[in-house]
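Asks: no sequence for this one, just the structure:
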(Lines give C-alpha, C1' and ligand atoms only; values in the text may rest on other atoms or scores of the structure.)
Protein backbone atom coordinates (compact mmCIF):
# COMPACT_ATOMS: atom_id res chain seq x y z
CA UNK A 1 0.00 0.00 0.00
CA UNK A 2 1.32 3.49 -0.85
CA UNK A 3 2.90 5.36 2.03
CA UNK A 4 1.13 8.56 3.03
CA UNK A 5 4.17 10.77 3.01
CA UNK A 6 5.65 12.95 0.32
CA UNK A 7 8.79 11.69 -1.37
CA UNK A 8 11.76 14.06 -1.33
CA UNK A 9 12.42 13.11 -4.98
CA UNK A 10 9.03 12.79 -6.69
CA UNK A 11 5.54 13.87 -5.75
CA UNK A 12 2.78 11.29 -5.26
CA UNK A 13 1.15 12.43 -8.49
CA UNK A 14 4.40 11.99 -10.38
CA UNK A 15 4.69 8.49 -8.90
CA UNK A 16 1.13 7.74 -9.97
CA UNK A 17 1.83 8.87 -13.52
CA UNK A 18 5.03 6.85 -13.69
CA UNK A 19 3.50 3.65 -12.32
CA UNK A 20 -0.11 3.66 -13.49
CA UNK A 21 -0.92 6.35 -16.04
CA UNK A 22 -0.40 4.09 -19.07
CA UNK A 23 -3.01 1.70 -17.67
CA UNK A 24 -5.74 4.34 -17.74
CA UNK A 25 -4.63 6.40 -20.75
CA UNK A 26 -6.92 4.74 -23.30
CA UNK A 27 -10.20 4.95 -21.32
CA UNK A 28 -9.42 8.54 -20.28
CA UNK A 29 -8.92 9.49 -23.94
CA UNK A 30 -12.16 7.74 -24.87
CA UNK A 31 -13.94 9.67 -22.16
CA UNK A 32 -12.47 12.93 -23.46
CA UNK A 33 -13.67 12.15 -26.98
CA UNK A 34 -17.17 11.52 -25.63
CA UNK A 35 -17.10 14.84 -23.75
CA UNK A 36 -16.10 16.67 -26.93
CA UNK A 37 -19.03 15.11 -28.77
CA UNK A 38 -21.48 16.21 -26.09
CA UNK A 39 -20.07 19.73 -25.72
CA UNK A 40 -20.04 20.33 -29.46
CA UNK A 41 -23.55 19.03 -30.07
CA UNK A 42 -25.87 21.96 -29.19
CA UNK A 43 -26.50 24.70 -31.71
CA UNK A 44 -25.91 28.39 -31.04
CA UNK A 45 -25.98 30.04 -28.61
CA UNK A 46 -25.03 27.06 -26.37
CA UNK A 47 -22.47 25.24 -28.51
CA UNK A 48 -19.60 27.66 -28.06
CA UNK A 49 -20.03 28.13 -24.27
CA UNK A 50 -20.18 24.37 -23.70
CA UNK A 51 -17.11 23.79 -25.87
CA UNK A 52 -15.21 26.51 -24.03
CA UNK A 53 -16.10 24.95 -20.70
CA UNK A 54 -14.57 21.68 -21.83
CA UNK A 55 -11.55 23.39 -23.40
CA UNK A 56 -10.79 25.13 -20.09
CA UNK A 57 -9.36 21.79 -19.02
CA UNK A 58 -9.30 20.22 -15.60
CA UNK A 59 -7.78 17.27 -13.82
CA UNK A 60 -10.40 14.76 -15.03
CA UNK A 61 -9.95 13.13 -11.63
CA UNK A 62 -13.58 12.03 -11.37
CA UNK A 63 -13.54 10.07 -14.65
CA UNK A 64 -10.22 8.57 -13.59
CA UNK A 65 -11.80 7.39 -10.34
CA UNK A 66 -14.43 5.50 -12.32
CA UNK A 67 -11.71 3.55 -14.11
CA UNK A 68 -9.54 3.05 -11.01
CA UNK A 69 -12.51 1.65 -9.07
CA UNK A 70 -13.26 -1.02 -11.67
CA UNK A 71 -12.77 -4.70 -10.91
CA UNK A 72 -9.26 -6.09 -11.44
CA UNK A 73 -8.96 -7.69 -14.85
CA UNK A 74 -12.02 -5.96 -16.27
CA UNK A 75 -11.50 -3.88 -19.37
CA UNK A 76 -13.00 -0.41 -19.41
CA UNK A 77 -15.98 -0.88 -21.66
CA UNK A 78 -18.46 1.56 -23.12
CA UNK A 79 -20.55 1.62 -19.94
CA UNK A 80 -17.61 2.80 -17.83
CA UNK A 81 -16.71 5.45 -20.40
CA UNK A 82 -20.30 6.70 -20.42
CA UNK A 83 -20.34 6.83 -16.61
CA UNK A 84 -16.99 8.63 -16.48
CA UNK A 85 -18.17 11.25 -18.97
CA UNK A 86 -21.47 11.68 -17.11
CA UNK A 87 -19.72 12.36 -13.81
CA UNK A 88 -17.42 14.91 -15.45
CA UNK A 89 -20.36 16.63 -17.16
CA UNK A 90 -22.07 17.10 -13.80
CA UNK A 91 -18.81 18.50 -12.42
CA UNK A 92 -18.49 20.91 -15.36
CA UNK A 93 -22.10 22.03 -14.90
CA UNK A 94 -21.54 22.78 -11.21
CA UNK A 95 -18.47 24.90 -12.02
CA UNK A 96 -20.53 26.98 -14.44
CA UNK A 97 -23.33 27.37 -11.89
CA UNK A 98 -20.84 28.19 -9.12
CA UNK A 99 -19.36 30.99 -11.21
CA UNK A 100 -22.82 32.44 -11.81
CA UNK A 101 -23.67 32.28 -8.09
CA UNK A 102 -20.30 33.76 -7.09
CA UNK A 103 -20.19 36.38 -9.85
CA UNK A 104 -16.73 35.00 -10.72
CA UNK A 105 -14.85 36.46 -13.66
CA UNK A 106 -11.96 33.95 -13.80
CA UNK A 107 -11.78 30.18 -13.71
CA UNK A 108 -8.45 28.34 -14.15
CA UNK A 109 -6.91 31.62 -15.22
CA UNK A 110 -9.43 32.16 -18.05
CA UNK A 111 -12.58 34.32 -18.30
CA UNK A 112 -15.64 32.44 -17.06
CA UNK A 113 -18.71 31.90 -19.17
CA UNK A 114 -20.38 34.47 -16.96
CA UNK A 115 -17.77 37.05 -17.95
CA UNK A 116 -18.03 36.15 -21.64
CA UNK A 117 -21.75 35.58 -22.13
CA UNK A 118 -23.64 36.79 -19.06
CA UNK A 119 -25.69 34.86 -16.54
CA UNK A 120 -28.54 33.76 -18.82
CA UNK A 121 -26.41 31.95 -21.41
CA UNK A 122 -24.10 30.64 -18.69
CA UNK A 123 -26.99 29.24 -16.69
CA UNK A 124 -28.46 27.59 -19.77
CA UNK A 125 -25.08 26.07 -20.66
CA UNK A 126 -24.77 24.63 -17.17
CA UNK A 127 -28.28 23.21 -17.42
CA UNK A 128 -27.45 21.60 -20.76
CA UNK A 129 -24.30 19.94 -19.44
CA UNK A 130 -26.15 18.68 -16.37
CA UNK A 131 -29.02 17.25 -18.42
CA UNK A 132 -26.65 15.67 -20.93
CA UNK A 133 -24.95 13.80 -18.10
CA UNK A 134 -28.10 11.89 -17.18
CA UNK A 135 -29.01 11.18 -20.78
CA UNK A 136 -25.56 9.69 -21.22
CA UNK A 137 -25.69 7.66 -18.02
CA UNK A 138 -29.10 6.23 -18.92
CA UNK A 139 -27.43 4.61 -21.93
CA UNK A 140 -25.58 2.23 -19.57
CA UNK A 141 -28.89 0.48 -18.96
CA UNK A 142 -28.27 0.43 -15.19
CA UNK A 143 -31.03 2.14 -13.21
CA UNK A 144 -28.80 1.89 -10.16
CA UNK A 145 -26.17 3.99 -11.90
CA UNK A 146 -28.64 6.82 -12.45
CA UNK A 147 -29.65 6.62 -8.79
CA UNK A 148 -26.03 6.97 -7.68
CA UNK A 149 -25.42 10.11 -9.72
CA UNK A 150 -28.83 11.52 -8.78
CA UNK A 151 -27.94 11.34 -5.09
CA UNK A 152 -24.66 13.11 -5.71
CA UNK A 153 -26.49 15.82 -7.65
CA UNK A 154 -29.03 16.29 -4.86
CA UNK A 155 -26.18 16.76 -2.42
CA UNK A 156 -24.47 19.18 -4.78
CA UNK A 157 -27.55 21.36 -4.99
CA UNK A 158 -27.47 21.75 -1.21
CA UNK A 159 -23.71 22.17 -1.14
CA UNK A 160 -23.73 24.92 -3.75
CA UNK A 161 -25.94 27.09 -1.55
CA UNK A 162 -24.06 26.48 1.70
CA UNK A 163 -21.20 28.95 1.05
CA UNK A 164 -23.72 31.68 0.25
CA UNK A 165 -25.67 31.03 3.46
CA UNK A 166 -22.43 30.99 5.46
CA UNK A 167 -20.72 34.01 3.90
CA UNK A 168 -18.63 35.98 6.42
CA UNK A 169 -19.78 33.69 9.23
CA UNK A 170 -16.61 33.71 11.29
CA UNK A 171 -18.33 31.67 14.01
CA UNK A 172 -18.76 28.76 11.60
CA UNK A 173 -18.07 25.43 13.31
CA UNK A 174 -15.69 22.91 11.78
CA UNK A 175 -18.52 20.35 11.69
CA UNK A 176 -20.60 22.63 9.45
CA UNK A 177 -17.62 23.17 7.18
CA UNK A 178 -17.04 19.41 6.84
CA UNK A 179 -20.69 18.86 5.99
CA UNK A 180 -20.40 21.46 3.25
CA UNK A 181 -17.34 19.63 1.89
CA UNK A 182 -19.17 16.30 2.01
CA UNK A 183 -22.07 17.69 -0.01
CA UNK A 184 -20.18 19.87 -2.45
CA UNK A 185 -17.02 17.86 -3.10
CA UNK A 186 -17.18 14.32 -1.75
CA UNK A 187 -20.51 13.48 -3.37
CA UNK A 188 -19.16 13.26 -6.92
CA UNK A 189 -16.06 11.39 -5.74
CA UNK A 190 -18.34 8.84 -4.06
CA UNK A 191 -20.47 8.57 -7.21
CA UNK A 192 -17.45 8.06 -9.48
CA UNK A 193 -16.02 5.29 -7.29
CA UNK A 194 -19.34 3.52 -6.83
CA UNK A 195 -20.10 3.67 -10.56
CA UNK A 196 -16.72 2.14 -11.38
CA UNK A 197 -17.32 -0.76 -9.03
CA UNK A 198 -20.96 -1.21 -9.99
CA UNK A 199 -20.45 -1.25 -13.76
CA UNK A 200 -17.52 -3.68 -13.58
CA UNK A 201 -19.38 -6.28 -11.53
CA UNK A 202 -17.92 -5.74 -8.07
CA UNK A 203 -19.72 -7.09 -5.03
CA UNK A 204 -21.94 -4.82 -2.91
CA UNK A 205 -19.30 -4.87 -0.15
CA UNK A 206 -16.63 -3.58 -2.51
CA UNK A 207 -18.94 -0.93 -3.98
CA UNK A 208 -19.61 0.29 -0.44
CA UNK A 209 -15.88 0.28 0.35
CA UNK A 210 -14.87 2.34 -2.68
CA UNK A 211 -17.74 4.72 -1.97
CA UNK A 212 -16.33 5.26 1.52
CA UNK A 213 -12.92 5.80 -0.04
CA UNK A 214 -14.42 8.46 -2.31
CA UNK A 215 -15.95 10.33 0.63
CA UNK A 216 -12.67 10.55 2.53
CA UNK A 217 -10.75 11.36 -0.64
CA UNK A 218 -13.14 14.22 -1.38
CA UNK A 219 -12.64 15.66 2.10
CA UNK A 220 -8.86 15.47 1.80
CA UNK A 221 -9.02 16.99 -1.70
CA UNK A 222 -11.16 19.92 -0.52
CA UNK A 223 -8.90 20.69 2.44
CA UNK A 224 -5.91 20.79 0.12
CA UNK A 225 -7.84 23.12 -2.17
CA UNK A 226 -8.58 25.46 0.74
CA UNK A 227 -4.91 25.47 1.71
CA UNK A 228 -4.01 26.53 -1.82
CA UNK A 229 -6.18 29.63 -1.41
CA UNK A 230 -3.66 30.79 1.18
CA UNK A 231 -0.36 29.63 -0.25
CA UNK A 232 -0.88 28.30 -3.77
CA UNK A 233 0.76 29.79 -6.83
CA UNK A 234 -1.73 31.69 -9.04
CA UNK A 235 0.09 30.31 -12.08
CA UNK A 236 -0.69 26.76 -10.93
CA UNK A 237 -4.12 27.24 -9.33
CA UNK A 238 -5.55 29.63 -11.93
CA UNK A 239 -6.83 32.05 -9.28
CA UNK A 240 -5.40 34.70 -7.00
CA UNK A 241 -4.44 33.92 -3.42
CA UNK A 242 -7.03 34.93 -0.87
CA UNK A 243 -10.06 34.53 -3.15
CA UNK A 244 -12.06 32.73 -0.45
CA UNK A 245 -11.07 35.35 2.14
CA UNK A 246 -12.18 38.16 -0.15
CA UNK A 247 -15.50 36.48 -0.93
CA UNK A 248 -16.24 35.64 2.71
CA UNK A 249 -16.02 31.87 2.19
CA UNK A 250 -14.94 30.51 5.57
CA UNK A 251 -12.72 27.43 5.27
CA UNK A 252 -10.89 25.21 7.74
CA UNK A 253 -7.55 27.08 7.67
CA UNK A 254 -9.35 30.22 8.85
CA UNK A 255 -11.54 28.36 11.37
CA UNK A 256 -8.46 26.84 12.96
CA UNK A 257 -6.44 30.04 12.72
CA UNK A 258 -9.13 31.93 14.63
CA UNK A 259 -8.87 29.34 17.40
CA UNK A 260 -5.07 29.55 17.48
CA UNK A 261 -4.83 33.33 17.06
CA UNK A 262 -8.08 35.10 18.08
CA UNK A 263 -6.53 38.43 17.14
CA UNK A 264 -7.12 37.64 13.48
CA UNK A 265 -10.83 38.27 13.99
CA UNK A 266 -10.28 42.02 14.29
CA UNK A 267 -8.64 42.03 10.84
CA UNK A 268 -11.60 40.45 9.05
CA UNK A 269 -13.91 42.75 7.11
CA UNK A 270 -15.99 42.93 3.96
CA UNK A 271 -14.31 44.21 0.79
CA UNK A 272 -10.73 44.09 2.11
CA UNK A 273 -8.03 45.74 0.03
CA UNK A 274 -5.33 43.56 -1.57
CA UNK A 275 -2.88 44.72 1.10
CA UNK A 276 -5.32 43.80 3.88
CA UNK A 277 -5.96 40.41 2.29
CA UNK A 278 -2.25 39.74 2.18
CA UNK A 279 -1.84 40.62 5.87
CA UNK A 280 -4.68 38.29 6.88
CA UNK A 281 -3.33 35.51 4.71
CA UNK A 282 0.14 35.79 6.22
CA UNK A 283 -1.31 35.95 9.74
CA UNK A 284 -3.29 32.75 9.10
CA UNK A 285 -0.10 31.09 7.86
CA UNK A 286 1.81 32.20 10.95
CA UNK A 287 -0.93 30.93 13.28
CA UNK A 288 -0.42 27.30 12.36
CA UNK A 289 -3.92 26.96 10.91
CA UNK A 290 -2.62 25.76 7.57
CA UNK A 291 -0.37 23.12 9.13
CA UNK A 292 -3.29 21.86 11.20
CA UNK A 293 -5.48 21.73 8.09
CA UNK A 294 -2.86 19.71 6.24
CA UNK A 295 -2.64 17.30 9.17
CA UNK A 296 -6.42 16.85 8.99
CA UNK A 297 -6.20 16.26 5.23
CA UNK A 298 -3.64 13.55 5.95
CA UNK A 299 -6.01 11.96 8.48
CA UNK A 300 -8.76 11.81 5.84
CA UNK A 301 -6.32 10.38 3.28
CA UNK A 302 -5.34 7.64 5.72
CA UNK A 303 -8.99 6.88 6.37
CA UNK A 304 -9.54 6.68 2.62
CA UNK A 305 -6.75 4.12 2.27
CA UNK A 306 -7.98 2.10 5.26
CA UNK A 307 -11.47 1.94 3.79
CA UNK A 308 -10.08 0.04 0.80
CA UNK A 309 -9.18 -3.05 2.85
CA UNK A 310 -12.45 -4.90 2.04
CA UNK A 311 -11.91 -4.18 -1.66
CA UNK A 312 -8.43 -5.66 -2.02
CA UNK A 313 -9.72 -9.06 -3.19
CA UNK A 314 -11.52 -7.55 -6.20
CA UNK A 315 -9.61 -4.33 -6.97
CA UNK A 316 -6.04 -3.23 -7.44
CA UNK A 317 -6.14 -0.70 -4.62
CA UNK A 318 -2.60 0.65 -5.06
CA UNK A 319 -3.51 3.34 -7.63
CA UNK A 320 -6.36 4.54 -5.42
CA UNK A 321 -4.13 4.64 -2.35
CA UNK A 322 -1.50 6.65 -4.20
CA UNK A 323 -4.20 9.05 -5.40
CA UNK A 324 -5.23 9.58 -1.75
CA UNK A 325 -1.66 10.51 -0.92
CA UNK A 326 -1.48 12.84 -3.91
CA UNK A 327 -4.62 14.65 -2.73
CA UNK A 328 -2.83 15.92 0.37
CA UNK A 329 0.18 17.35 -1.43
CA UNK A 330 -1.32 18.66 -4.66
CA UNK A 331 -0.34 22.11 -5.92
CA UNK A 332 -3.22 22.91 -8.24
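Replies: Thanks, I have it. Small disclaimer: the values here were computed from a predicted structure and weren't measured. Residues are numbered from 1 along each chain as shown.
Asks: And for the closest residue to residue 104 other than its chain neighbours, the neighbour number?
Replies: Spatially, and ignoring its direct neighbours in sequence, residue 104 is nearest to residue 112 (5.3 Å; CB to CB, 6 or more residues apart in numbering). Yep, even glycine has a C-beta here, placed from its N, CA and C like the rest. For residue 112, the count of nearby residues is 23 (other CB atoms under 10 Å).
Asks: same check, this time on the one 10 residues further on
Replies: Burial of residue 122 is recorded as 21 neighbouring residues (other CB under 10 Å).
Asks: Then residue 141?
Replies: 11.
Asks: list the contacts for it?
Replies: Residues in contact with residue 141 (CB atoms under 8 Å, 6 or more residues apart in numbering) are residue 79.
Asks: can you check residue 50 too?
Replies: If you count contacts by CB under 8 Å, 6+ apart, residue 50 has them with 38, 39, 40, 42, 125, 128, 129.
Asks: so how far is residue 215 from the residue nearest to residue 104?
Replies: 29 Å (CB to CB, to the nearest Å).
Asks: Surely residue 219 is in contact with residue 300?
Replies: Yes: between residue 219 and residue 300 there is a contact under CB atoms under 8 Å: 4.4 Å.
Asks: And stretch 34-52, how far out from the chain middle?
Replies: 22 Å (CA atoms, centre = their mean, to the nearest Å).
Asks: Counting neighbours, what do you get for residue 115?
Replies: If we define neighbours as other CB under 10 Å, then residue 115 has 15 of them.
Asks: and if you look at residue 190?
Replies: So residue 190, with other CB under 10 Å, has 25 neighbours.
Asks: Make sure it is indeed in a helix.
Replies: Yes: the assignment for residue 190 by DSSP: H, G, I helix; E, B strand; the rest coil puts it in a helix.
Asks: What separation is there between the nearest residue to residue 149 once chain neighbours are set aside and residue 154?
Replies: Closest residue to residue 149 apart from its sequence neighbours, by CB to CB, 6+ apart: residue 191 at 5.2 Å. Distance, residue 191 to residue 154, using CB to CB: 11 Å.
Asks: Got the phi and psi for residue 251?
Replies: Note on residue 251: its backbone torsions stand at phi -120, psi 170 [degrees, to the nearest 10].
Asks: correct me, but it touches residue 177?
Replies: Yes: if you go by CB under 8 Å, residue 251 and residue 177 touch, sitting 6.7 Å apart.
Asks: just the strands in the stretch 101-250 of the chain please.
Replies: For the stretch 101-250 of the chain, applying DSSP state E, counting those that start in this stretch gives strands covering 106-107, 110-111.
Asks: Is it possible to get a markdown table of those that adds distance to residue 262, mean pLDDT and mean neighbour count?
Replies: As requested, the strands of the stretch 101-250 of the chain are exported to a markdown table (distance: least, CB to CB, whole Å; pLDDT from 0 to 100; neighbours: other CB atoms under 10 Å):
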| stretch | distance to residue 262 | mean pLDDT | mean neighbour count |
| --- | --- | --- | --- |
| strand 106-107 | 33 | 80 | 18 |
| strand 110-111 | 39 | 86 | 15 |
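Asks: Out of those strands, flag the one nearest residue 284.
Replies: Across the strands of the stretch 101-250 of the chain, the minimum distance to residue 284, taken as CB to CB, is reached by strand 106-107, at 22.3 Å.
Asks: who has more neighbours, residue 251 and residue 177?
Replies: residue 251 (24 against 20).
Asks: so what's the closest residue to the more buried one other than its chain neighbours scoring on pLDDT?
Replies: Leaving aside its chain neighbours, residue 251 sits nearest to residue 226 (3.8 Å; criterion: CB to CB, 6+ apart). Residue 226 is assigned 96 on the pLDDT scale.
Asks: so residue 226 touches residue 250, yeah?
Replies: No: look at residue 226 against residue 250 with CB under 8 Å: they stay out of range, at 9.8 Å.
Asks: between the two, what contacts are shared?
Replies: Joint contacts of residue 226 and residue 250 (CB under 8 Å, 6+ apart) are residue 244.
Asks: Quick check: mean pLDDT of the one helix or strand residue 294 maps to?
Replies: Taking DSSP states H and E as the definition, one finds residue 294 inside helix 289-306. Helix 289-306 carries an average pLDDT of 98.
Asks: Quick check: which helices or strands does it pack against?
Replies: helix 204-231, helix 252-260, helix 318-329 (3 or more CB pairs under 8 Å, 6 or more residues apart in numbering; DSSP states H and E).
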